[in-house]
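>>> Give me a model of this one.
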Amino acid sequence: MRDFDLRALQLKELECLKEIDRLCRKHKIEYFLSWGSAIGAIRHKGFIPWDDDIDVSMKMDDYLRFKEVCAQELDAKYFYQDWESDPYYYSSWAKIRINDTTSVMADMVDYPTHNGICIDIFPLLPYPYEKLDKRDAWLAKLVTFFSSKRLNEYHLGKYFYENDKLKYFPSAFCDFVRDHAYAKLIHSHKHEECNYYLCNGCHIYDVSFPKAIYEESIEVPFEDAVFMINKEYDACLRSYYGDYMQLPPMEQRGGHGNILVDLERDYKTYRSERSSHANEKSAL
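Have a look, this model is predicted:
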């Protein structure tokens, strides 16, 4: 049961998507509405009515260029979040966060990362095979393992990768290995020699699509605007979801768990309030 205004959240995310679109069009960076957002665009011409997030994908070269553009031109209302900009961030893809807002799993309020409302930006890794080879699969495991260091320090490893052995590694060492393993992974093959794009599903680069599926983009209506999607969206969505035009059963129409959302108050406010309440209890 949600205790926030879902439609208000969607409209806030839509504003953020428009900023992403503005920067991408200005700098000729190709992006694609993805996953549930792609289904929403095609089936509903906007958000899936019960969806609470937006997903965007970019080919790796565009993804890296988008980061550079954000460093110079992203509106101050937003924050580009990755390992470099936020040392407590743990995912292998970037997010655009909305400052002065809150969107966080209820039991992660105390975790000191930026927890504003966000849009996920997924990189598409060009790759010659449908799955990572042994070397690159090992690199992906290193990235996942060492990305979880700070989550485990806060006993939140269940959200990514829970392992007691991480306590024996200093944070600086974990960051170093993670960054170097990821750099080797994403620069392992040239675009022209690849036949697939790998993207993140449940794990890092564990879902693949033929390269042709992302060779061209088109515009589609989404709410009150027009955004980009891959021209071969149907092949992409059917291979992953099956008959995505069929509405799911009522019991499957939900969001992303027990999240705390506030469109007006910064996530830090909740963190300080929680800390104050804890101090009051301990004083009794």
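
>>> Show me the helices in the stretch 151-284 of the chain, by range?
Taking DSSP state H, counting those that start in this stretch, the helices of the stretch 151-284 of the chain run over residues 171-186, 233-241, 267-283.

>>> Please state the offset of the first one from the chain centre?
In this case it means helix 171-186. Distance, stretch centre to chain centre, for helix 171-186: 19 Å (Cα atoms, centre = their mean, to the nearest Å).

>>> hmm, back to that, where among the helices of the stretch 151-284 of the chain is average confidence lowest?
Ranked by mean pLDDT, the helices of the stretch 151-284 of the chain bottom out at helix 267-283, with a mean of 67.

>>> returning to that earlier point: looking at the helices of the stretch 151-284 of the chain, which is closest to Trp138?
helix 171-186 (8.5 Å; Cβ to Cβ). From N, CA and C alone the C-beta is placed, and that goes for glycine too.

>>> So which elements touch the closest one?
Judged by 3 or more Cβ pairs under 8 Å, 6 or more residues apart in numbering; DSSP states H and E, helix 171-186 is in contact with strand 118-127, helix 134-147, helix 149-153.

>>> Name the residues of it that are buried.
174-175, 177-178, 181-182, 185-186 (16 or more other Cβ atoms under 10 Å).

>>> Strands of the stretch 1-150 of the chain, start to end?
32-33, 55-59, 78-81, 94-98, 102-105, 118-127 (DSSP state E, counting those that start in this stretch).

>>> Give me the sheet partners of the first one and which way each runs.
By that I understand strand 32-33. strand 55-59 (antiparallel) (DSSP bridges).

>>> can you check the last one too?
For strand 118-127, the paired strands and their directions (DSSP bridges) read strand 55-59 (parallel), strand 94-98 (antiparallel), strand 196-199 (antiparallel).

>>> would TSV of these with mean pLDDT, distance to Phe222 and mean neighbour count be doable?
Formatted as TSV, those follow (pLDDT from 0 to 100; distance: least, Cβ to Cβ, whole Å; neighbours: other Cβ atoms under 10 Å):
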stretch	mean pLDDT	distance to Phe222	mean neighbour count
strand 55-59	97	11	24
strand 94-98	97	16	23
strand 196-199	94	20	23
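
>>> Looking at the ones you listed, spot the one closest to Pro170.
That would be, of the strands paired with strand 118-127 and by Cβ to Cβ, strand 94-98, which comes in at 25.0 Å.

>>> Would you mind listing where the protein has pLDDT under the threshold?
1-2, 156-161, 201-202, 274-284 (pLDDT under 70).

>>> Nearest to the middle of it, which residue? Look it up for me.
Among the residues of the chain, the one closest to the centroid is Asp120, at 2.9 Å (Cα atoms, centre = their mean).

>>> Now do the same contact list for that residue.
53-56, 93-95 (Cβ atoms under 8 Å, 6 or more residues apart in numbering).

>>> Mind doing that once more with 6 Å?
55, 95 (Cβ atoms under 6 Å, 6 or more residues apart in numbering).

>>> Bridging across strands, which residues link to it?
Asp120 has these beta-bridge partners by DSSP bridges: Asp55, Lys95.

>>> Contact partners for Asp100?
By Cβ under 6 Å, 6+ apart, Asp100 lies in contact with Asp266.

>>> on that earlier part again, columns distance to Glu251 on top of the helices and strands packed on helix 171-186, output as TSV?
Below are these laid out as TSV (distance: least, Cβ to Cβ, whole Å):
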stretch	distance to Glu251
strand 118-127	25
helix 134-147	31
helix 149-153	30
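
>>> between these, which one is nearest to Ile218?
strand 118-127 (16.6 Å).

>>> what angle do that closest one and helix 134-147 make?
160 degrees (axes from the mean of the first three to the mean of the last three Cα atoms, to 10 degrees).

>>> and the gap between Lys211 and Asp62?
Distance of Lys211 to Asp62, given as Cβ to Cβ, to the nearest Å: 15 Å.
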